[in-house]
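> need a 3D model of the following:
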Amino acid sequence: MEEMRNIEMVDGDQGRMCINMEWGAFGDNGCLDDFRTDYDHAVDDLSLNVGKQRYEKMISGMYLGEIVRNILIDMTKRGFLFRGQISETLKTRGIFETKFLSQIESDRLALLQVRTILQHLGLDSTCDDSIIVKEVCGAVSRRGAQLCGAGVAAVVDKIRENRGLDHLNITVGVDGTLYKLHPHFSRIMKQTVKDLAPRCCVTFLLSEDGSGKGAALITAVACRLREEAKSKK
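Got it, this is the predicted structure:
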């Protein structure tokens, strides 16, 4: 919820408005180009909406596995992985699902189990390959969590500034399997928010089907306001 006086795109300064950030499109104007890698470009180029939703493509569970796959292909070409042999499996888009990142990064998983996952994907790996793949998965998910945390930190600190507060207590609802199931994503994201927005105390609340409930809530409020307006007439 934002004060109308702080919303530049809408006339008027009375009351508040519910803002849909649509922050997945952040960076479409090129402002994230310094942070995007060749692997990000590769994922974007083969996506259904090339050049759009660039921020989402760096932090979303829908894309992290594909980023990893492109890194593994590059490292294999350089001779660092899989004896330099790129399998047909590794060439398959979407084969490296984000759930595999969560499994591979589990602290309870031994390298032998990592190797088993890779073999299940048709990747004939050694223990050294397993170590490298685990490091790649960790780097990609850590970057995603930090970028996501940076976005949250920017929003909550802007809310604090707009309200003229020295300190802000706020709750952030979160939805998605990456946040719920990945062994480290939520922790890294929360720490990033804490580091970048030290004057905000952010409580994260797991929200099931957050998008659907949010839309239902807004609709309910709109209907109530319409009925109230009718009764006044």
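
> and the residue most central in space within the chain, how close does it get to Q119?
Among the residues of the chain, the one closest to the centroid is I59, at 2.9 Å (CA atoms, centre = their mean). Going from I59 to Q119 by CB to CB, to the nearest Å gives 29 Å. C-betas here are computed from N, CA, C, even on glycine.

> could you pull up the contacting residues of the closest residue to K77 other than its chain neighbours?
Distances taken as CB to CB, 6 or more residues apart in numbering put I86 closest to K77, at 6.9 Å, once the chain neighbours are dropped. Shown in contact with I86 (CB atoms under 8 Å, 6 or more residues apart in numbering): I73, T76, K77.

> kindly report the same for Q119.
S125.

> and with 10 Å instead?
S125, S130 (CB atoms under 10 Å, 6 or more residues apart in numbering).

> now do R199
R199 sits in contact with V156, D157, R160, E161, L165, D166, H167, L168, where contact means CB under 10 Å, 6+ apart.

> of those, which belong to strands?
L168 (DSSP state E).

> check the contacts of R199 and tell me the two furthest apart.
With distances taken as CB to CB, the most widely separated pair in those is V156 and D166, at 13.9 Å.

> for those two, indicate the residue with more neighbours.
The neighbour count for V156 versus D166, taken as other CB atoms under 10 Å, is higher for V156 (21 against 6).

> in this protein, which spans are strands?
Taking DSSP E as the criterion, the chain carries its strands at 2-3, 16-17, 168-174, 200-206.

> can I get the ones you listed in a markdown table including distance to I188, mean neighbour count and mean pLDDT?
Shown next, in a markdown table, are the strands of the chain (distance: least, CB to CB, whole Å; neighbours: other CB atoms under 10 Å; pLDDT from 0 to 100):
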| stretch | distance to I188 | mean neighbour count | mean pLDDT |
| --- | --- | --- | --- |
| strand 2-3 | 28 | 14 | 86 |
| strand 16-17 | 32 | 13 | 86 |
| strand 168-174 | 13 | 14 | 91 |
| strand 200-206 | 12 | 14 | 92 |
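
> which of those sits closest to S47?
strand 168-174 (24.0 Å).

> turn the strands of the chain into TSV, columns for distance to K190.
Below are these laid out as TSV (distance: least, CB to CB, whole Å):
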stretch	distance to K190
strand 2-3	23
strand 16-17	27
strand 168-174	10
strand 200-206	6
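
> nearest to E105, out of those strands?
strand 168-174 (18.9 Å).

> ok, that closest one: who's next to it in the sheet?
strand 200-206 (parallel) (DSSP bridges).

> just the contacts of I86: which are in helices?
I73, T76, K77 (DSSP state H).

> buried among those residues? Need that as a selection in PyMOL.
Burial among the ones in helices among the contacts of I86 is assessed by 16 or more other CB atoms under 10 Å; the matching PyMOL selection reads:
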select buried, resi 73+76
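
> just the helices from the protein, written as ranges.
38-45, 56-59, 61-77, 98-104, 111-120, 127-162, 177-181, 185-196, 210-232.

> just so I know, which of these lies nearest M9?
Using CB to CB, the helices of the chain put helix 127-162 closest to M9, at 14.8 Å.
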